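Asker: For reference, the sequence and a predicted model appear below.
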Amino acid sequence: IALNCRAKLPAEKAWVDELSHRLQSTPFAPGDRNVLYGLKEMSIDGHLCLSRMDVDRIFAAALANPGVGTGIAAMLHSWRADYLWLSQKDMPAARAALSKSLTLNPGNPSNRLKWGQLMYLDGEREAARVLLLALQGENLSAQERKTLDDLLASYGNAGG
């Protein structure tokens, strides 16, 4: 699938069928996470040759796997939210997916930052500001810290 997408060729339906079946029915391994992360990244980079229906089906199959624990499920919902937001520009669906992730792992600072971004973009500026200010002491990556600082600077009170 990845090679066809890079070559701007369609993915064969049988490949999507097989991938979905395997993600749902076989023991879930770290490589399976990499496949889903790769789908998200390819979509953001503009190299994905799968339809939204195919991507939704693949993520749903992985999430239906009985071996997927809460932590992995939270991660998958978060990646699906990225796909929906950054590739499909579907804010309500992205918020629904991220909400599922936060329900499974409410303390995740990266997803809380992402939630603040979605709130901000949806015009819920005051609620976003409160959440963003609360994230100032959290452990975030350098890129996430920059995002947080930039968002807070947009309010004119980056220091709180």
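Answerer: Received, thanks.

Asker: Tell me the buried residues in the longest helix along the chain?
Answerer: Longest helix in the chain by number of residues (criterion: DSSP state H): helix 30-45. Neighbour-count burial for helix 30-45 flags 32-33, 35-36, 38-40, 42-43 (criterion: 16 or more other CB atoms under 10 Å). Just so you know, the C-beta spots here come from the backbone N, C-alpha and C atoms, and that holds for glycine as well.

Asker: CSV for the residues you listed, including distance to residue 100?
Answerer: Formatted as CSV, those follow (distance: CB to CB, whole Å):
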residue, distance to residue 100
32, 19
33, 17
35, 20
36, 15
38, 21
39, 17
40, 15
42, 22
43, 19
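
Asker: out of these, which one sits closest to residue 87?
Answerer: Taking CB to CB as the measure, residue 87 lies nearest residue 43 of the buried residues of helix 30-45, at 3.8 Å.

Asker: what separates that closest one from residue 30, distance-wise?
Answerer: Per CB to CB, to the nearest Å, residue 43 is found 21 Å from residue 30.

Asker: for residue 8, helix, strand, or coil?
Answerer: Secondary structure, DSSP: H, G, I helix; E, B strand; the rest coil: residue 8 is coil.

Asker: Tell me who's in contact with it.
Answerer: Neighbour list for residue 8: residue 49 [criterion: CB atoms under 8 Å, 6 or more residues apart in numbering].

Asker: Check it and give its pLDDT.
Answerer: Residue 8 carries a pLDDT value of 92.

Asker: same check, this time on the one 10 residues further on
Answerer: Here the pLDDT value assigned to residue 18 is 97.
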